[in-house]
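**Student:** fold the following, please.
(chains A and B)
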Amino acid sequence: MSAVAPISIMRLATSSMSVHQRAMDVIANNIANVNTVGFARSRPEFAEVLSSELGDSAGVELAGVRRLWRQGVVQRTERELDLAVQGDGLLVVRLPTGALGFTRNGSIQRAANGLLVTQDGYPLDPPLSIPAGAERIRIDPDGTVFAQAGGGVAWTEVGRIQLASFANVEGLAHWAHGIFVETEASGPPQLGMPGAEGRGTIVAGALEGSAVDLAEEMVDLVLAERAYSLSVRLAQTADEMQSLANQLVSR
Amino acid sequence: MRGVYTGAAAMAAALQWQERIFRNVANVNTTGYKAEKVSFRQIEELLLSLGTSTDQAREGTLPLAAGLPEGPIDLSQGPLWETDRELDVAIDGPAFFVVQGEQGELLTRDGAFGLDAQRRLVTKSGLLVLGDGGPIQLPPGQIAISAEGAIYVNGQRVSSIRLAIPEGNLQRAGENMFSATTRQAQAGEARVLQGYLERANVNLQDEMAKAMAALRTYEAAQRLLLAQNQTLDALGRAVQA
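**Tutor:** Numbers count the residues shown, from 1 in each chain, chains lettered A, B, ... in the order given. As a prediction, this is how the structure comes out:
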């Protein structure tokens, strides 16, 4: 039977406070991204911690924040360079670092040099260059990109958009601006054509909405907030017990 | 003199009780957490035994941290929550998932599983989940898990999640794991639910009421100790005089 000191239950209460505070931060970030195109929500996951031999604070820890790759609602925009992925797979971009980045945000732009780039200016990979005179662009479900010269009727194939799938998509790490990079946990990207080998298809003229469900987030927020505020109460209780113990020595 | 020891032992017991209550509250949002079960009755009996036990009459043998015995773990079913995630699984019934720990097999009710880079089923702390043929490797595709725990990928049966029923006492192993001797669950003893997670079986109202009670028990024991101390002081002064 290990001895317990009032200070150790105080640590328990404060660790619970900080864990639930961090959980609320994750949920708040989800809520803030309720309108972000292609946003995948994250879920805080907790684990029980046992006291170590030294009697260090036991209690709870934030074991991880799991990003849930749930399909968002595909919303039509009728803008020809808006892409949504229906099914598994992420769009592939080339980052300034030279590495590949992966995203579900298919709000694509035509850069001044003709390259197709993401909202934040990262070029799709393999690079797709739209000829200077092209006026209209068409993208098929299998990712093939066509361009039509001004006044013309013929569609010229420009290239193909590829999608990346992963052994464990939840293992991807967030890089910035809704772009993810591979990790050891995710495994290397398996690049290929949309619609093949279980990969999803491209829906042109549409964007994938945020996969955040506000009702769900509010429930999680209430639960985290309740655990937090009760932990504050417990910290006060621990303080009171410490004070009672101190009265024994101060006499 | 005995009263001093009784007071100190009661304070230690109240503190241990409080520590278990704190752990339950801290883990109210922990998937598959099983609460520490300490009843008011258990505390009353412990406090009574501190005051009356005859074999504690000799001061030298008084165990200061007489303490609360390692209580049973409350194995009651936690609420099942729908998450709609393919690899979230919950058990309805007394069984546990079996995972490969560093030192042998462990049990867990935390079915927030994921995949590793080899597409093997793992717990949130990365331990392999065991099926009827060892670790479970899943080819890409749509994953379906039946009530018996059979896993299908694109309609093809791949493996079956092992379900074990503990026999004897469970020991906590941390990270939502337990260790115990087990037997294989029989068909129909437990049900596996895909797209669900089991929440902690912590009753917050109960725990907060107990936290207040434990605080007051601690306070009462402290008063007893102080009163005894004053008596001893007075006695000491009388002897000196």
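
**Student:** could you chop the chain up by domain?
**Tutor:** If you meant another chain, say so; for now it's chain A. A:6-69+A:212-249, A:74-208 (automatic domain parsing).

**Student:** ah, I was thinking of chain B
**Tutor:** According to automatic domain parsing, the ranges for chain B are B:2-74+B:202-240, B:80-198.

**Student:** touching chain A at all, the first one?
**Tutor:** Yes - Domain B:2-74+B:202-240 lies within reach of chain A by Cβ under 8 Å from any Cβ of the partner chain, at B:11-12, B:15-16, B:18-19, B:21-23, B:25-31, B:33, B:65, B:67-70, B:204, B:208, B:211-212, B:215, B:218-219, B:222, B:225-226, B:229. For the C-beta atoms, the positions are set from N, CA and C on the backbone; glycine is no exception.

**Student:** in TSV, list the domains of chain A along with mean pLDDT and distance to B:G114.
**Tutor:** Output for the domains of chain A, formatted as TSV (pLDDT from 0 to 100; distance: least, Cβ to Cβ, whole Å):
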stretch	mean pLDDT	distance to B:G114
domain A:6-69+A:212-249	91	7
domain A:74-208	94	5
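
**Student:** so which of those is nearest B:D132?
**Tutor:** Closest of those to B:D132 is domain A:74-208, at 22.6 Å (criterion: Cβ to Cβ).

**Student:** now the end-to-end length of the closest one.
**Tutor:** 4 Å (Cα to Cα, to the nearest Å).

**Student:** next, the buried residues of the biggest helix by length in chain B.
**Tutor:** In chain B, taking DSSP state H as the definition, the longest helix is helix B:204-240. Residues B:207-208, B:210-211, B:213-215, B:217-219, B:221-222, B:224-226, B:228 are the ones in helix B:204-240 that count as buried (16 or more other Cβ atoms under 10 Å in any protein chain shown).

**Student:** for that helix, what is the average pLDDT?
**Tutor:** The average of the pLDDT scores along helix B:204-240 is 90.

**Student:** quick check: A:E80 touching A:I139?
**Tutor:** Yes - shown here, A:E80 and A:I139 form a contact pair, counting by Cβ atoms under 8 Å, at 7.4 Å.

**Student:** shared neighbours of the two, which are they?
**Tutor:** Here A:E80 and A:I139 share the contacting residues A:A204, scored by Cβ atoms under 8 Å, 6 or more residues apart in numbering or on different chains.

**Student:** the two: which has the busier surroundings?
**Tutor:** A:I139 (25 against 14; other Cβ atoms under 10 Å in any protein chain shown).

**Student:** now do the contacts for the more buried one.
**Tutor:** A:E80, A:L81, A:L83, A:V145, A:F146, A:I161, A:I202, A:A204.

**Student:** what about the nearest residue to B:M212 once chain neighbours are set aside, how many neighbours?
**Tutor:** The shortest distance from B:M212 to any non-neighbouring residue, by Cβ to Cβ, 6 or more residues apart in numbering or on different chains, is to A:T237 (7.7 Å). A:T237 has 23 neighbours, counted by other Cβ under 10 Å.

**Student:** and the one 5 residues further on, by the same measure?
**Tutor:** With neighbours defined by other Cβ under 10 Å, the count for A:Q242 comes to 14.

**Student:** next: the one 4 residues further on.
**Tutor:** Around A:N246 there are 10 other residues, counting by other Cβ under 10 Å.

**Student:** okay, and the helix or strand of chain B with the least pLDDT?
**Tutor:** helix B:40-52 (a mean of 78; mean pLDDT, DSSP states H and E).

**Student:** and that one, what's buried?
**Tutor:** B:I43, B:L46, B:L47, B:L50.

**Student:** need the contact partners of whichever helix or strand comes after it.
**Tutor:** Scanning forward in sequence from helix B:40-52 by DSSP states H and E, the next helix or strand is strand B:80-82. Strand B:80-82 is contacted by residues B:A90, B:D92, B:L193, B:G195, B:Y196, B:L197, B:E198, B:R199 when judged by Cβ under 8 Å, 6+ apart.

**Student:** wait, is B:E105 part of a strand?
**Tutor:** Yes - using DSSP: H, G, I helix; E, B strand; the rest coil, the assignment for B:E105 is a strand.

**Student:** just give the nearest non-adjacent residue to it, would you?
**Tutor:** B:V98 (5.4 Å).

**Student:** same thing with A:D142?
**Tutor:** Closest to A:D142 by Cβ to Cβ, 6+ apart is A:G195, at 5.0 Å.

**Student:** that neighbour is in what secondary structure piece?
**Tutor:** Going by DSSP H and E, A:G195 is not in any helix or strand.

**Student:** re the thing from before, angle of the longest helix of chain B against helix B:40-52?
**Tutor:** If you take axes from the mean of the first three to the mean of the last three Cα atoms, to 10 degrees, helix B:204-240 sits at 10 degrees to helix B:40-52.

**Student:** which strands and helices sit next to helix B:204-240?
**Tutor:** helix A:214-249, helix B:2-26, helix B:40-52 (3 or more Cβ pairs under 8 Å, 6 or more residues apart in numbering or on different chains; DSSP states H and E).

**Student:** still on that earlier bit, distance from the least confident helix or strand of chain B to the middle of the chain?
**Tutor:** Relative to its parent chain, helix B:40-52 has a centroid offset of 22 Å by Cα atoms, centre = their mean, to the nearest Å.

**Student:** follow-up on the earlier one: out of the contacts of A:I139, list just those in strands.
**Tutor:** A:L83, A:V145, A:F146, A:I202, A:A204 (DSSP state E).

**Student:** farthest-apart pair in those residues, please.
**Tutor:** Largest pairwise distance in the ones in strands among the contacts of A:I139, by Cβ to Cβ, is 14.0 Å, between A:L83 and A:F146.

**Student:** more neighbours, those two?
**Tutor:** Using other Cβ under 10 Å as the criterion, A:L83 and A:F146 rank with A:L83 on top: 27 against 17.

**Student:** ok, how many other residues are close to the residue lying closest to the more buried one once chain neighbours are set aside?
**Tutor:** Excluding its sequence neighbours, the residue lying closest to A:L83 (Cβ to Cβ, 6+ apart) is A:G106, at 3.2 Å. Under the neighbour criterion other Cβ under 10 Å, A:G106 is assigned a count of 25.

**Student:** what is the strand ranked longest in chain B packed up against?
**Tutor:** In chain B, taking DSSP E as the definition, the longest strand is strand B:163-174. Counting contacts by 3+ Cβ pairs under 8 Å, 6+ apart, strand B:163-174 packs against strand A:42-49, strand B:96-101, strand B:104-108, strand B:177-184.

**Student:** between the ones you listed, which one is nearest to A:V74?
**Tutor:** strand A:42-49 (21.3 Å).

**Student:** is any part of that closest one close to chain B?
**Tutor:** Yes - residues of strand A:42-49 contacting chain B under Cβ under 8 Å from any Cβ: A:E45, A:F46, A:A47, A:E48, A:V49.

**Student:** partner residues bridging residue 191?
**Tutor:** Just going to use chain A. A:A164 (DSSP bridges).

**Student:** if you could check chain B rather than the one you did, that'd help
**Tutor:** B:D92.
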